[in-house]
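Visitor: the following comprises the amino acid sequence and a computationally predicted model.
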Amino acid sequence: IKYANYPLVSRVENEKVYYDNVYVYFNSGTAVLDGDTFLNGSLCKHTGEHVLTVTDGEKASVVKFTTDNIPLSCSLKEGDGYSYVSFSYGTATLNGFPYFSGDKITSNGKHTVVLTGPYGNTKTFDFNLSFAPPEIKGVENGEIYSTPKRINVATGGKIFLNGKEMPSEFTVFEEGQHTL
């Protein structure tokens, strides 16, 4: 029995990767994590590769492990006639092809971004894009109306009346020429 009476370490295993903060426990002795004193039951909260050495007399247990606890996240942003995904951590693919934060996306339809952290964790984000102009109901270009008109944007998107953003449905009561 090679490891009889050696300090036992729990919650981390040799050569494993953890994608969250981890609390590390040991049953006896004193510990050093990455060269610094480490107390039993303490939180290992720094991303990276770690070496934990637990010593009890002349016997020592060494565990090498990695933590990557920075969350993978991204945001979808709109440009003029395009969209793009912004992220600051990891690498990404868009529909299976390499993608760099801020690259323009101009195609309609369903898209999938897969972010991958430096130690292999992944997170998938699905979204749909449509660059077709919004379908406007209730008024026609160049027409003149003598009564208030209810306007509806049927296909989503943003709508502006005389430069002011409006909800997807609204009524125009004011007389005069308007730009939609």
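Guide: Nice, thanks for sending it over.

Visitor: low-confidence ranges in this structure?
Guide: Along the chain, the model assigns pLDDT under 70 to residues 1-3, 155-157.

Visitor: which residue lies nearest the spatial centre of it?
Guide: residue 73 (1.2 Å; C-alpha atoms, centre = their mean).

Visitor: what about it, distance to residue 57?
Guide: Counting by C-beta to C-beta, to the nearest Å, the separation of residue 73 from residue 57 is 46 Å. (Glycine included, C-beta is placed from N, CA and C.)

Visitor: my read: the residue nearest to the centre of the chain touches residue 90, true?
Guide: No. If you go by C-beta atoms under 8 Å, residue 73 and residue 90 don't touch, sitting 9.4 Å apart.

Visitor: got any residues that touch both of these two?
Guide: Common neighbours of residue 73 and residue 90, counting by C-beta atoms under 8 Å, 6 or more residues apart in numbering, are residue 115.

Visitor: does the residue located most distally from the centre of the chain belong to a helix, a strand or coil?
Guide: Here the chain reaches farthest from its C-alpha mean at residue 146, the gap being 50.2 Å by C-alpha atoms, centre = their mean. Following DSSP: H, G, I helix; E, B strand; the rest coil, we place residue 146 in the coil state.

Visitor: tell me, how many residues neighbour residue 72?
Guide: 19 (other C-beta atoms under 10 Å).

Visitor: ditto for residue 55
Guide: Going by other C-beta under 10 Å, the residues that sit close to residue 55 add up to 17.

Visitor: equivalent analysis for residue 104, please.
Guide: 9.

Visitor: and the residue nearest to residue 137 when sequence neighbours are not counted, what element?
Guide: Spatial nearest neighbour of residue 137, chain neighbours left out: residue 152 (4.6 Å); criterion: C-beta to C-beta, 6 or more residues apart in numbering. Element membership for residue 152, per DSSP states H and E: strand 149-153.

Visitor: quick one: strands adjacent to the helix or strand following that strand?
Guide: Counting by DSSP H and E, the next helix or strand C-terminal to strand 149-153 is strand 159-161. Strand 159-161 has these partner strands in its sheet, going by DSSP bridges: strand 164-166 (antiparallel).

Visitor: and stretch 18-38, C-alpha only, in CSV?
Guide: Output of stretch 18-38 as CSV, limited to C-alpha atoms (Å, rounded to 0.1, in the frame of the first residue of the first chain):
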residue,chain,number,x,y,z
TYR,A,18,-12.6,22.5,-13.3
TYR,A,19,-14.8,25.2,-14.9
ASP,A,20,-15.9,26.8,-11.6
ASN,A,21,-14.3,27.9,-8.3
VAL,A,22,-13.4,24.9,-6.3
TYR,A,23,-13.0,24.3,-2.5
VAL,A,24,-10.1,22.0,-1.7
TYR,A,25,-10.0,19.8,1.3
PHE,A,26,-7.3,17.6,2.8
ASN,A,27,-7.4,15.3,5.8
SER,A,28,-4.0,16.1,7.5
GLY,A,29,-0.9,18.2,7.3
THR,A,30,-0.3,21.6,5.8
ALA,A,31,-0.8,22.7,2.2
VAL,A,32,0.9,25.0,-0.3
LEU,A,33,-1.0,26.1,-3.5
ASP,A,34,1.2,27.6,-6.2
GLY,A,35,3.8,28.5,-3.6
ASP,A,36,1.5,30.1,-1.1
THR,A,37,0.1,28.7,2.2
PHE,A,38,-3.3,27.2,1.6
